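the sequence isn't on hand, but the structure is:
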């Protein structure tokens, strides 16, 4: 197993280092795009194959692999140790499987970019960090991966650094995540203190010790609550929940494959992974569970309402991701950790498919943009070639103010004709996320709602509350995703000069991953069938009821089969209703449906479309005070008062010295007298003190 | 490697070889020969110092002497000796000093244009001073070396510094001198009293004897402050830090590197070596106050760093913030935290040293330190940008790089410690967020966006010499980040011994009748086999 785990962890690290160093120090290497991309893709595909082989031979016996000691001081000993169990295997399969597809896709998507080598080095480094996160056997190594993925996220959001907006988004992502990491650190400190308080010997915050019955029994309720809440705050950073979700929509500044891999399928789900990994501990903190469920539910509905009003295709998907992550936290908060992981999996399929599809669309729309530039219909990007004094280019009829934007759905429409594979795969993923049976999203979402209902049924009233919010969100999801599909692929062609300028389908490296992901968006749900339909594989695989690592609450009351059937059918109906409603609106009336929605919602629409002004709120209450306080308060204070005092003392001493200069009489006897007196004082001090 | 360790008088050789090199450099005919002499001296010193590492066995410590010990009578009538050696506390700091030696020489290769001979001689002399500080086991000897370091640094800032160099140099010397002169008074008192108690009435400055002497509670009250102020100014601890930004901004690159890299560590090292074990009751009593000052330093330093427009000043204030972590860890009086503090001293030397080198390389190209004069240079100098990003993340405490290990151990140990309230640890941990804020903000303003200053379009990327001098630092940032365990192991016992002895001695002093002498020899922990 040691070798196998090395075969999983090392290829992405080594290839990242190779591509990075070669690209940096040997600029000639940078043009070997197929070599760079091929190596990088292979470095993720190989771990996938290895993981599949471990997975197939796995018999429910967790294995721990230790390499070398990372940190040791006093009674702390942290090893580079990794855990192969049901949970880490399923996460590794998602990370390497979806990861390999997205690497393949990027070969085509990033073609010709001057930073091609950098891109793949970062992407591989990301995979390495993410694998550390999901395979770690102790919290510090998990944290290494946790911050490592944050680093890669930062590097990739700010990938096109010549635009400061991108770098600003990258900074925002890293710093907001650091706020979550702060809580993560505190949780580790508390656990270390608590456990070393009752166990002797070296301790490294390892899961084996932490999640043992002895430890869990010895931890006090206050400790458990604090730790659960702090880990959850950490998770709200990485997984973009209220109050720390603000970085994720901005993170769309990165290249689209990054949005698919990091900001949809893998990194943002690590908060859920953390809670699932620690589920035996979290379950013992019922108050924290309430907080997790309610924050998740509120995030889900809030982001869904924003998504309906967005026009940038990637922003719709970004808010959709925030909303779906909220769904997963909702599940965790009602004790359905394994269902949360199930949704992590299905979401990875359909959301990666949607993001890659949007990338394919943006790729095509960029070609349209270039052609329009060529014809002089829109201004070019590059400032250097533009003649300042030339007449402004004549804008063709854009349906909104400002210039042409390749990501704005309002300039799309009718794309299905030109890029059928993208359209079909995007369409499949859309109805998958909308929850139309029997696609993947239907089963995972319905299971979350069912578990919420069941938890409420077992005497946790808050679960009913989040269940209702979950249903509303499900309807909203069906609506905004159908809207996005319709505005992009159906209806009138709305880009300027649509008569002559035609977009085209993407190359095979891009559409093959789309097709594979669409396929799994169709069948992915069968891994977690509801109880009335058969056996849930994922429940058997992960659930503690069957000896798995993911804890489950004990339910005394069982929901009757007929009721479960009813909920299932209603779940399908709500989704269908949402899709149908969206079809009657945007399918028939295109952009006009947006206008009428705006009229109907009134001031609410303003709140949704301005994203509840959360960014503005943070800016006024946190960012501004710190920035202005440092600049106008502390820096001058340091200069004038702290340093001023030092200089003041110096001046004072010089003044006194000037007076005392009179003492320097030059008469030796006087000096001798002074020396004698001084010695007398010293002797006196030594005798009496 | 054992060949190195068997060289006789190895410790003295390491200490004084740079001084010999300084002397030789004075007789060199050309600037080029001076540079090569300096480089050869520092490289050989570094190689010899590796012998200290290989020759040091943490399992062989004793209660009366360091390893590779050399002890010669100096003032026999008062038991002041030339007493040097290696133990867990000074080993890594010594290696850090010798490692930075050649790097500083190389970084000044083209930067220093005038009076080359003087510059390199002083730099080498400074290295002898710093090595002497770390390797002395006689308090008087330590004090001599401590003061010796002031002179070369004064001239390095005063002659090769920026426009306001004289002000900065004088401030540096006077401020430090005020602290250390007060400490001298303390040394004299301590030498007499310890002489009476543990040295048959003979004045002594032998560290092992002093550390075994339980200073009466009343005297600890004021001696602690004499031994604190000197080091607090050196660290520098808030509110004694304002000489640092001036000194850094004015100093030439090499001066800044040696200042941040090792001179500041003399302060934190002094706290650990002398202040805490000599006056354990006072240290326990005042630990909450020290924690508050350390945490103010962490947060205040970070916020003021954030407000700077001068890149060098920003890094200078970041040192105030980072060393706040070290002081917090030291006064936690917990093995994990103190181990973290010790490794963090090394980490800070590596990453802040590298930051000053990189800023210096930019300055050499453009002659400006204002961040506003840069912007977008990632495109023109990708290699420099790579090293900068690596260093920035090391400095910001990203796990996998060195800074994290120190901060994590410090905070983890401090949280558990009952020396002070956990509220200070919570506040201190916010420094992790703030470090990301000011460092990423610096990178954002300097490296990203479009190139705004046309002059920067033709900026040259790093040359072979510059890459070569950064690589060792980069390697150690990763090495100490991923595999710090063997390094931590070297100091584990010494830290444990210091803390255990301090604790025992504090209890004994507490319980002692008035006038009763307390003597507690250094207790070494039983070494348990370390599992790999």
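Thanks, I have the structure now. Just so it is clear, the model here is predicted, and its values are computed rather than measured. Residues are numbered from 1 along each chain as shown, chains lettered A, B, ... in the order given.

what sits closest to residue A:556 if chain neighbours are left out?
residue A:458 (6.3 Å; C-beta to C-beta, 6 or more residues apart in numbering or on different chains). Bear in mind the C-beta positions are built from the backbone N, C-alpha and C, glycine included.

ok, the one you found touching residue A:558?
No - with contact defined as C-beta atoms under 8 Å, residue A:458 does not reach residue A:558; the gap is 9.1 Å.

more neighbours, the two?
Higher neighbour count among residue A:458 and residue A:558: residue A:458, with 17 against 12, using other C-beta atoms under 10 Å in any protein chain shown.

how about residue B:29, phi and psi?
Here is the backbone geometry of residue B:29 (degrees, to the nearest 10): phi -70, psi -30.

buried ones in the longest helix anywhere in chain A?
Looking across chain A with DSSP state H, the single longest helix is helix A:337-374. Buried residues in helix A:337-374, counted by 16 or more other C-beta atoms under 10 Å in any protein chain shown: A:337-365, A:368-369, A:371-373.

over to stretch B:207-218?
B:207-217.

from those residues, which single one is nearest chain A?
The shortest approach to chain A among these belongs to residue B:216, at 10.3 Å (C-beta to the nearest C-beta).

gap between the nearest residue to the closest one once chain neighbours are set aside and residue A:468?
Using C-beta to C-beta, 6+ apart and skipping the chain neighbours, the partner closest in space to residue B:216 is residue B:509 (7.1 Å). According to C-beta to C-beta, to the nearest Å, residue B:509 and residue A:468 sit 67 Å apart.

try residue B:194
76 Å.

these two - which one has more neighbours?
For the pair residue B:194 and residue A:468, the greater number of neighbours falls to residue B:194 (27 against 15), based on other C-beta under 10 Å.

ok now stretch A:192-209, how far from the chain's centre?
With C-alpha atoms, centre = their mean, to the nearest Å as the basis, stretch A:192-209 stands 30 Å off its chain's centre.

which helices and strands sit right next to the longest helix of chain A?
Applying 3 or more C-beta pairs under 8 Å, 6 or more residues apart in numbering or on different chains; DSSP states H and E, one finds that helix A:337-374 contacts helix A:86-109, helix A:256-260, helix A:270-277, helix A:313-333, helix A:420-434, helix A:440-457, helix A:508-523, helix A:537-542.

just the residues contacting stretch B:461-476, thanks.
B:99, B:102-103, B:106-107, B:109, B:350-351, B:353-354, B:357-358, B:361, B:380-384, B:387, B:390-391, B:402 (C-beta atoms under 8 Å, 6 or more residues apart in numbering or on different chains).

list the buried residues of it.
Residues of stretch B:461-476 classed as buried: B:461-462, B:466-467, B:469-470, B:472-474, B:476 (neighbour count, 16+ other C-beta under 10 Å).

check whether the longest helix that chain B contains contacts chain A.
Assignment by DSSP H gives helix B:165-198 as the longest helix of chain B. Yes - applying C-beta under 8 Å from any C-beta of the partner chain, one finds helix B:165-198 touching chain A at B:171, B:174-175, B:189, B:192.

out of those, the closest to residue A:412 would be?
In terms of C-beta to C-beta, no member of the residues of helix B:165-198 next to chain A lies closer to residue A:412 than residue B:171, at 64.4 Å.

what is the longest strand out of those in chain B packed up against?
Longest strand in chain B, counting residues (DSSP state E): strand B:67-75. Applying 3+ C-beta pairs under 8 Å, 6+ apart, we find strand B:67-75 packed against helix B:10-26, helix B:31-55, strand B:80-86.

what stretches of the chain score poorly on pLDDT?
Went with chain A since none was named. A:379-399, A:401-402, A:662-676, A:678-689 (pLDDT under 70).

try again with chain B
B:1, B:527-532.

return the residues in contact with the residue nearest the centre of it.
Central residue of chain B (C-alpha atoms, centre = their mean): residue B:265, 1.8 Å from the mean position. Residues counted as contacts of residue B:265 (C-beta under 8 Å, 6+ apart) are B:93, B:96, B:345, B:348-349.

distance of it from residue B:272?
10 Å.

got it, and residue A:196?
Counting by C-beta to C-beta, the gap from residue A:196 to residue B:272 is 23 Å.

who has more neighbours out of the two?
residue B:272 (24 against 18).

look up the closest residue to that one, ignoring the ones flanking it.
residue B:330 is the one closest to residue B:272 (C-beta to C-beta, 6+ apart), at 5.6 Å.

for residue A:640, the count of nearby residues, please.
11.

that one and chain B, how far apart?
Distance of residue A:640 to chain B, computed by C-beta to the nearest C-beta, to the nearest Å: 11 Å.

phi, psi of that residue?
The phi/psi pair for residue A:640 (degrees, to the nearest 10) is phi -90, psi -40.

quick one, what contacts it?
Counting by C-beta under 8 Å, 6+ apart, residue A:640 has no contacts.

give me the number of residues near residue 82?
I went with chain A, as the question did not name one. Other residues close to residue A:82 by other C-beta under 10 Å number 25.

look at chain B instead
Residue B:82, neighbours per other C-beta under 10 Å, totals 16.

you'd agree it is up against residue B:72?
Yes - using C-beta under 8 Å, residue B:82 is in contact with residue B:72, at 4.3 Å.

what residue in the stretch 151-300 of chain B comes nearest to chain A?
Counting by C-beta to the nearest C-beta, the stretch 151-300 of chain B gets nearest chain A through residue B:242, at 3.7 Å.
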